[in-house]
Structure formats: structure tokens, C-alpha cells
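Engineer: return atomic coordinates for the entry below.
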Amino acid sequence: MRILLTGANGVMGRATIPALQNAGHQVVGLVRSPSAARLVQSAGATAIHGDVLDRDSLMKAMRGCDAVINFATQVPVGVRAMLPGSLTRINRIRTVGAGVVADAAIESGVGLMVQQSLSHIYVARGDEWIDESTPIDVTMVTEPLTVAEHHAQRVEEAGGVTVRLRYGLICGDDPNSQFLVRRARKRRPIGLGDPDSWMHVVHPLDVGTSAVAALGAPSGAYNVGAEPLKRVDYVNAIARAAGHSEGRFFRRWLFSVTADKLELLARSQRVTSQRFMDLAGWKPVRPVLTPEWFRG
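Structural biologist: The predicted structure is shown next:
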């Protein structure tokens, strides 16, 4: 298949290009800058300049493509994530950009759209398991994700296939994880929420393999990630990667300052990816989080 990949030079895109190529697919990477184009081309993909907010450039990029994987994001990292307006760009990519991608796919006759989403949108369930039937909690922060999923579903309504991948927190050589490793190295707090609560995580390599598996999956929403783990184990894994035995948690008062953003990241979510394994034949390359995930 010839596949248009948005966000091709990002964390998810860089993991997805080789996975698609290894599966025999041709990759066209949508980029916004010369440096991004060079990065995508060095990975062996074809780079095309465009933007998910620009219909004309998307229509041009989709010519001859069989599928589009919409992995365009712009995640704020570190202190910047707590600043007012830090989610403006990524929210626009999801609320507007995903719609432009879907419209372009429908008009171009691209019959398969894979849309990135997050498992954070589910309600907190404590120790109970969460699957795709679990209710979604729509808040100011999660609404753009649900809007993006609804945009993508229009491809299905037009007679195509839409696969929505609800990822856990990406953990590995990504900027956010490495920011936390640097904090842990200095013995600064990195943990949010209840240490005994559950987390859903995913390694970048498994983002790539999941994109390949999604190309053969039935329409629907799927959770994608490693085995869930307790938040204290996540924090300690980062600490060990930074050279310490245990990590530290932020104090609770921080939630009163940026509650809308942090609440999403602190929900107790014991998420299973079994449905995607059963229906798409996917298995995680990194099924259990370890300190090695953060060491490159």
C-alpha cells in the first residue's frame, strides 16, 4: 500500500516509517519544514510539504495513496505544558486538522484512515479493568480527542474504514520521557497522582507496529499499549534509568494550579489492549515497562 503519514517527523512518525517499510508499504511523509523533510527522507520515505490544516496540500499529498495515518500532534513538554494556551496548537490539530484530513481522504477516494487518540479519555476506574466499552469522560482537555475521532469516523460513514488507536502514555526516547529522566537525575519530583493508581503506557516501537496492524483491522476504536502498571512502578523505572532507586511524587497542591491538565494524566486507568490483539493480530514488542525503555 501507498500510505500518507502525517506527523511523519514526530515521535510516532519516526517509529512508524520503518515499521511500515518493513511490512512492504510505501510511505509518503507530510512535513512542514526542510529539516523535517530531510529527516523523513533519511528514513527512506518520500517527503511532501504540507499541513493538516491546509486542504490543498493534503489533496496533493494523498494522490495515489491507499490509506492515511493521521499522527499529527504538537505535544508541549515540561514547564511549557503548564502554561496558559499550551494546548492551543494541538487542540486545533485535533478539532480542525483531523476534519481536514478526513475531508481530503473522502474527496480523494482514500478508503482507510487511521487516527491517533489517547486512552486518557476514559473515566478513572480505580483497580477495575478498562476496555473499549468503558465510558468516555469528556472534559475541556479530552474533548479535542473525541472530536478528532468523530471526524475520522466520517471516512467510515462515506463507505471506508476508520481505525482509532487509543494509545497509552508514550514512554521511551521521546522528549517528555527524557525531560522526566533529567528531573529524576536531579532528584526532583516526577510522579503525578496516587502512587497506587494504574497507568497505561506504550513504547514508540509499538506505536509503529500498531500502525501496521491497524491497516488490516476492522473499523473501530482500539486501546494500544503495554501491560498496565502501578504509577509508583512507572516513577521508579524512570528513577532507575536516571541512576536512583526510587522516584519522587509532586505534592497534591499542584493540582489546584493546573487541575484541568494534570487530572487527565493522573487518572487511574487499568487499560487492556486485548481487543486490538484479537482483531488485528497485534502484539507489543515491549509488553512490560522497564528502566531500559528510557535509556534509548
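
Engineer: would you map the helices across the stretch 1-150 of the chain?
Structural biologist: Applying DSSP state H, counting those that start in this stretch to the stretch 1-150 of the chain gives helices spanning 11-22, 34-42, 55-61, 88-92, 98-108, 143-157.

Engineer: using CSV, lay out the ones you listed together with mean neighbour count, mean pLDDT and distance to F250.
Structural biologist: All C-beta spots, glycine's among them, are computed from the backbone N, C-alpha and C. As requested, the helices of the stretch 1-150 of the chain are arranged in CSV below (neighbours: other C-beta atoms under 10 Å; pLDDT from 0 to 100; distance: least, C-beta to C-beta, whole Å):
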stretch, mean neighbour count, mean pLDDT, distance to F250
helix 11-22, 21, 97, 24
helix 34-42, 15, 95, 34
helix 55-61, 18, 95, 40
helix 88-92, 15, 85, 22
helix 98-108, 22, 97, 32
helix 143-157, 20, 96, 24
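
Engineer: how about TSV for those helices, with distance to V75 added?
Structural biologist: As requested, the helices of the stretch 1-150 of the chain are exported to TSV (distance: least, C-beta to C-beta, whole Å):
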stretch	distance to V75
helix 11-22	8
helix 34-42	16
helix 55-61	21
helix 88-92	6
helix 98-108	15
helix 143-157	12
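
Engineer: thought P144 was touching I90?
Structural biologist: Yes: assessed by C-beta atoms under 8 Å, P144 is found in contact with I90 at 7.5 Å.

Engineer: picking that back up, which stretch among the helices of the stretch 1-150 of the chain comes nearest V114?
Structural biologist: Minimum separation from V114 across those (C-beta to C-beta) falls at helix 143-157, 8.1 Å.

Engineer: next secondary structure element downstream of that closest one?
Structural biologist: strand 161-167 (DSSP states H and E).

Engineer: what are the pairing partners of that next one, and which direction each?
Structural biologist: Sheet partners assigned to strand 161-167 using DSSP bridges are listed as strand 112-118 (parallel), strand 220-224 (parallel).

Engineer: can you put these in a markdown table and add mean neighbour count and distance to R275?
Structural biologist: Shown next, in a markdown table, are those (neighbours: other C-beta atoms under 10 Å; distance: least, C-beta to C-beta, whole Å):
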| stretch | mean neighbour count | distance to R275 |
| --- | --- | --- |
| strand 112-118 | 25 | 14 |
| strand 220-224 | 24 | 6 |
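
Engineer: circling back: who wins for proximity to I121 among the helices of the stretch 1-150 of the chain?
Structural biologist: helix 143-157 (5.3 Å).

Engineer: just checking, what packs against that closest one?
Structural biologist: Packing contacts for helix 143-157, counted by 3 or more C-beta pairs under 8 Å, 6 or more residues apart in numbering; DSSP states H and E, involve helix 98-108, strand 112-118, strand 161-167.

Engineer: could you say what helices and strands the first one packs with?
Structural biologist: Counting contacts by 3+ C-beta pairs under 8 Å, 6+ apart, helix 98-108 packs against helix 55-61, strand 67-70, strand 112-118, helix 143-157.

Engineer: and the shortest one, how far from the chain's centre?
Structural biologist: When you say that, I think you mean strand 67-70. 14 Å (C-alpha atoms, centre = their mean, to the nearest Å).

Engineer: what helices and strands are in contact with that strand?
Structural biologist: By 3+ C-beta pairs under 8 Å, 6+ apart, strand 67-70 packs against strand 2-6, helix 98-108, strand 112-118.

Engineer: using CSV, lay out these together with distance to R295.
Structural biologist: Shown next, in CSV, are the helices and strands packed on strand 67-70 (distance: least, C-beta to C-beta, whole Å):
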stretch, distance to R295
strand 2-6, 27
helix 98-108, 34
strand 112-118, 25
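
Engineer: among these, which comes closest to H151?
Structural biologist: helix 98-108 (4.1 Å).

Engineer: low-confidence ranges in the protein?
Structural biologist: Residues of the chain meeting the criterion pLDDT under 70: 76, 78-86, 253-261, 296.

Engineer: now with 80, please.
Structural biologist: Along the chain, segments meeting pLDDT under 80 span 74-88, 252-264, 296.

Engineer: and the strands paired with strand 161-167: which comes nearest H244?
Structural biologist: Ranked by C-beta to C-beta, the member of those that lies closest to H244 is strand 112-118, at 28.6 Å.

Engineer: closest one to A213 among the helices of the stretch 1-150 of the chain?
Structural biologist: helix 11-22 (9.4 Å).
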